[in-house]
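Student: below are the sequence and a predicted model; questions follow.
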Amino acid sequence: MSTDAIVLLKEDHKAVRKLFREFQSAGDRATATKDRLVKEIIEALTVHTYIENEVMYPRVRQMVPDLEDDILESYEEHHVADVLCAELAMMSPRNERFDAKTTVLIESVSHHLEEEEGEWFPKVREALGRKELQEIGAALLEAKKKAPRTPVHPRALKKAADALFG
């Protein structure tokens with residue numbers, strides 16, 4: 001198995017896209033299937049955004065300063081995905097907005113994946129050597145082991161911050 005960071009992230013992207021296709025083809029009445037798929041999507045995206053935010057983006061930001069704007073945009077796209085995942089995690093698949101919210105998540109993340117793979121990853125590969133990408137990949141695999149599997153809802157974060165900081 002390759003430890004090249006870009007190869008590892010593209011494998012994650014492929015798995016997420018598969019879940020997206022399964023959701024989209026589940027049909028209008030497949031409530032239990034959609035519920036299961038959204039739970040899988042939420043877990044996959046929560047882990048993926050965590051490892052990119054904690055490992056890939058900070059390292060690339062340091063090593064390839066020309067990609068600063070791309071990285072900042074990616075952080076914001078992850079934030080949007082994280083908020084949608086947190087909201088979906090609290091919703092019933094019977095909620096009238098469940099499918100719509102999932103569709104918005106799929107559209108947003110799909111756009112993000114296309115930008116990463118089409119624009120961002122080629123620039124990273126060009127700027128970094130094989131050794132650096134393998135080191136980042138090894139760090140991604142380690143981070144994946146400790147990554148959260150469920151999103152933290154923004155209200156829970158605020159409550160925790162209020163308890164800590166008053």
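Tutor: Perfect, I can see it now. Note that the coordinates shown come from a computational prediction; the quantities given were computed from them, not determined experimentally.

Student: which ones are touching D35?
Tutor: Taking CB atoms under 8 Å, 6 or more residues apart in numbering as the criterion, D35 is in contact with P93. Heads up, the C-betas are built off the backbone N, CA and C, glycines and all.

Student: secondary structure element for it?
Tutor: D35 belongs to helix 31-51 when assigned by DSSP states H and E.

Student: quick check: what element follows that helix along the chain?
Tutor: Counting by DSSP H and E, the next helix or strand C-terminal to helix 31-51 is helix 57-63.

Student: what stretches of the protein score poorly on pLDDT?
Tutor: 1, 153-166 (pLDDT under 70).

Student: picking that back up, list the buried residues in the helix holding D35.
Tutor: Buried residues in helix 31-51, counted by 16 or more other CB atoms under 10 Å: 34-35, 37-51.

Student: in the protein, mark out all the helices, start to finish.
Tutor: Ranges of helices within the chain are 5-24, 31-51, 57-63, 68-89, 98-115, 121-127, 130-146, 154-165, based on DSSP state H.

Student: just give me the neighbour total for M90.
Tutor: Under the neighbour criterion other CB atoms under 10 Å, M90 is assigned a count of 10.

Student: wait, Y75
Tutor: By the criterion of other CB under 10 Å, Y75 has 14 neighbours.

Student: wait, isn't it in contact with N53?
Tutor: Yes - between Y75 and N53 there is a contact under CB atoms under 8 Å: 6.7 Å.

Student: what about I106, how many neighbours?
Tutor: Residues lying near I106 (other CB under 10 Å) number 19.

Student: ugh, wrong one, W120
Tutor: With neighbours defined by other CB under 10 Å, the count for W120 comes to 20.

Student: what of the one 3 residues further on?
Tutor: Other residues within reach of K123, judged by other CB under 10 Å, total 14.

Student: how near is L9 to R36?
Tutor: Distance of L9 to R36, computed by CB to CB, to the nearest Å: 25 Å.

Student: just want the angle from the helix holding D35 to helix 5-24.
Tutor: Orientation of helix 31-51 against helix 5-24 (axes from the mean of the first three to the mean of the last three CA atoms, to 10 degrees) gives an angle of 160 degrees.
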